[in-house]
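# pasted the sequence and its predicted model underneath.
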Amino acid sequence: MSQFNIEEEIEEIAGGEFEREPVPQSSRKGWKSFLGMYAGEHAAGTEFMIGPLFLTAGVSAFDLIIGLLIGNLLAVLSWRFLTAEIAVKNRLTLYYHLEKICGKNLVTTYNLANGILFCFLAGAMITVSATAVGVPFDMEMPKLTDTMPNGITWIIIVIIIGTVISLIAARGYDTVSKAANWMSPVIVLAFIACGIVALNQLGVKNFDSFWNIWGEGSAPFPGQTKFTFWHVVIWSWFCNAAMHIGMSDLSVFRFAKSPSSGWTTAAGMYVGHYMAWIAAALLYAVYLKTPEAQAFLNNGEAPPVAPGPLANNAIGLFGIIAVILAGWTTANPTIYRAGLAFQAIIPKVSTFWVTIIAGSIATLAGIFPAFAMKLLGFVALYGFILAPIGAIIVFEHFFGKKIGIIPFYAETKKINFNISVLLAWVISFGVFYFISKQFDVFLSFVTLPAWLSCGILYLVFSKMLQK
């Protein structure tokens, strides 16, 4: 899921231009330029947390294995037939495309939301790395139900990791992206090794014994939401909602020679969001059989999900290093992207200092384990907030001319604030967030209705208000 650095990697390949103009034919890339990028970017720190969290949600084997198969396919189809299709047609970054529709002032609000959510995600990844750094110090690991730091050692380790990551991110993206490209194959190899070792530790000899690890499912651990088949399908589809139906990856696929490059996202979904999630879940399944984990369960508590000790138990020092790198390769570019989002709001502040500000917020968030321990819920919220903005672009692209609205209205009329966009987003967000809270509906279940509602309302308000 840590694909927030893809845009900058593509920009580096292309020479760092075309931020405010369509990508010319001479700079367009074939599908191979996207394949390795997506495969590497989706096998990272988040995967070490998400896989075990599925087990804490009491999923069955069918729910997990088939549910992920379908949910990830829906994500790939969204990238291919929505994101890549529109990107190749217009060849604009998300931010410039939105500016043409919404106006500069409204895009500033979007950047603020983006930046803050990026910081929280980066904070969760600093937490992941801290669980690995803490292993040699025999540090007490945060529990699934923890919201506050559990000791001074934890705080010191998080601050040190956050400081290092922030300083590296602040130096610029060249170092960040190059290091991430070198580290990604190591992380993928670590996931494969962890999965193989865990299968051996669990005594898996055939497919039946593999299936029985999850079996018919179980009650969720204390404080966790029970996941059914549909939870797995919908959540795995929309965990990257901001990137595909939310249109963030317009910035990536604007360089593609054809929309068929959208199929390369399958490498990320089925290497990272399938193989890596299941491998990480296997690590946790091994831990659940230990006396320590059983003691937690007997006391009515959820055993901690700490990627560092889990990977260390499987492949030793290599596992610790892999977890540190996985958290690093997610947090670093995410802090960098948050800094860029903040700089759009305060352009007079240097890139270095806005990145330091973003890193400080992320480090503060990392001190509190809740962001990592509740990652399933946080990612659902992230997609729910940002995805509907993509519906504005999608509905204008496919239906705008048919109903007679002016495309790129803010640019055409030279306005800084398109009220139709704000009304569509606020109403769709408010109504479906209320439904989620009032009737205890899992947030990912209302992401698609909110997205559709936002797109339809945008067309209706535009038809009424455009002059």
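Yep, that arrived. Numbers count the residues shown, from 1 in each chain.
# in stretch 53-71, which residues are buried?
The neighbour-count check on stretch 53-71 (16 or more other Cβ atoms under 10 Å) flags 53-60, 63-65, 67-68, 70-71 as buried. From N, CA and C alone the C-beta is placed, and that goes for glycine too.
# run through who's touching that stretch.
144, 211-221, 224-237, 273-274, 277-278, 281, 284-285, 288, 302, 305, 375-376 (Cβ atoms under 8 Å, 6 or more residues apart in numbering).
# of those, buried ones?
Using 16+ other Cβ under 10 Å as the burial test, the contacts of stretch 53-71 include 144, 213-214, 217, 220-221, 224-225, 227-229, 231-237, 273-274, 277-278, 281, 284-285, 288, 302, 305, 375-376 as buried.
# ok, now which ones touch residue 274?
Per Cβ under 8 Å, 6+ apart, neighbours of residue 274: 68, 69, 72.
# for residue 133, state which of these is nearest.
residue 68 (29.8 Å; Cβ to Cβ).
# give me the element that closest one is part of.
With elements taken from DSSP states H and E, the one containing residue 68 is helix 61-78.
# just how off-centre is the helix or strand that that helix is followed by within its chain?
The helix or strand immediately downstream of helix 61-78 is helix 84-90, counting by DSSP H and E. Once both centres are worked out by Cα atoms, centre = their mean, to the nearest Å, helix 84-90 turns out to sit 22 Å from its chain's centre.
# ditto for stretch 212-225
Centre to centre, stretch against its chain (Cα atoms, centre = their mean), the figure for stretch 212-225 is 24 Å.
# contacting residues around that stretch?
With Cβ under 8 Å, 6+ apart as the test, stretch 212-225 has contacts from 53, 55-61, 63-65, 144-145, 202, 204, 226-227, 231, 282, 285, 297, 300-303, 376-377, 442.
# same question for stretch 297-305.
By Cβ under 8 Å, 6+ apart, stretch 297-305 touches 49, 52-53, 56, 141-145, 221-224, 284, 287-288, 292-293, 296, 373.
# related to what we said a few turns ago, so which of the contacts of stretch 212-225 are in helices?
Using DSSP state H, 53, 55-56, 61, 63-65, 231, 282, 285, 297, 376-377 are the members of the contacts of stretch 212-225 that sit in helices.
# lowest pLDDT pick from the residues you listed?
On pLDDT alone, residue 376 ranks lowest of these, at 82.
# quick check: it vs residue 420, distance?
33 Å (Cβ to Cβ, to the nearest Å).
# who are the contact partners of the residue found closest to residue 231 once you drop the neighbours it is linked to in the chain?
Spatial nearest neighbour of residue 231, chain neighbours left out: residue 442 (6.1 Å); criterion: Cβ to Cβ, 6 or more residues apart in numbering. For residue 442, the contact set (Cβ under 8 Å, 6+ apart) comprises 225, 231, 234, 235, 380, 436.
# once you drop chain neighbours, what's closest to the third one?
Computed as Cβ to Cβ, 6+ apart, the closest residue to residue 234 that is not its neighbour in sequence is residue 444, at 4.8 Å.
# could you look up the SS state of the one you found?
Under the three-state scheme (DSSP: H, G, I helix; E, B strand; the rest coil), residue 444 adopts helix.
# what pLDDT does it get?
Reading off the model, residue 444 has pLDDT 92.
# now do the contacts for it.
Contacts of residue 444 by Cβ under 8 Å, 6+ apart are 231, 234, 235, 237, 238, 239, 380, 383, 384.
# can you put those residues in a markdown table and add secondary structure and distance to residue 406?
Shown next, in a markdown table, are these (DSSP: H, G, I helix; E, B strand; the rest coil; distance: Cβ to Cβ, whole Å):
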| residue | secondary structure | distance to residue 406 |
| --- | --- | --- |
| 231 | helix | 41 |
| 234 | helix | 35 |
| 235 | helix | 37 |
| 237 | helix | 32 |
| 238 | helix | 31 |
| 239 | coil | 34 |
| 380 | helix | 34 |
| 383 | helix | 29 |
| 384 | helix | 29 |
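# quick check: of those residues, which lies closest to residue 135?
Nearest to residue 135 among the contacts of residue 444: residue 239, at 27.5 Å, using Cβ to Cβ.
# what residues are up against the closest residue to the closest one other than its chain neighbours?
Setting aside the residues directly before and after it, residue 239 is nearest to residue 379 in space (Cβ to Cβ, 6+ apart), at 4.9 Å. Applying Cβ under 8 Å, 6+ apart to residue 379 gives the contacts 1, 46, 50, 121, 235, 239.
# from residue 200, how far off is residue 418?
For residue 418, the distance to residue 200 (Cβ to Cβ) stands at 58 Å.
# ok, those two, which is more surrounded?
residue 418 (26 against 12; other Cβ atoms under 10 Å).
# for that one, what are its contacts?
By Cβ under 8 Å, 6+ apart, the residues touching residue 418 are 101, 102, 103, 106, 409, 410.
# residue 195 now?
By Cβ under 8 Å, 6+ apart, the contact set of residue 195 is 275, 278, 279, 282.
# helix or strand for the residue nearest to residue 103 when sequence neighbours are not counted, which one?
Nearest residue to residue 103, sequence neighbours excluded (Cβ to Cβ, 6+ apart): residue 410, at 3.8 Å. Counting by DSSP H and E, the element that carries residue 410 is helix 409-413.
# so where's the chain shaky on pLDDT?
Low-confidence segments of the chain (pLDDT under 70): 1-20, 36-37, 40-41, 172-181.
# biggest separation within the contacts of residue 379, which pair?
Using Cβ to Cβ, the pair of the contacts of residue 379 lying farthest apart is 121 and 235, separated by 15.8 Å.
# how many residues are close by the nearest residue to residue 407 once chain neighbours are set aside?
Of all residues not flanking residue 407 in the chain, residue 400 sits nearest, at 5.5 Å (Cβ to Cβ, 6+ apart). Residue 400 has 20 neighbours, counted by other Cβ under 10 Å.
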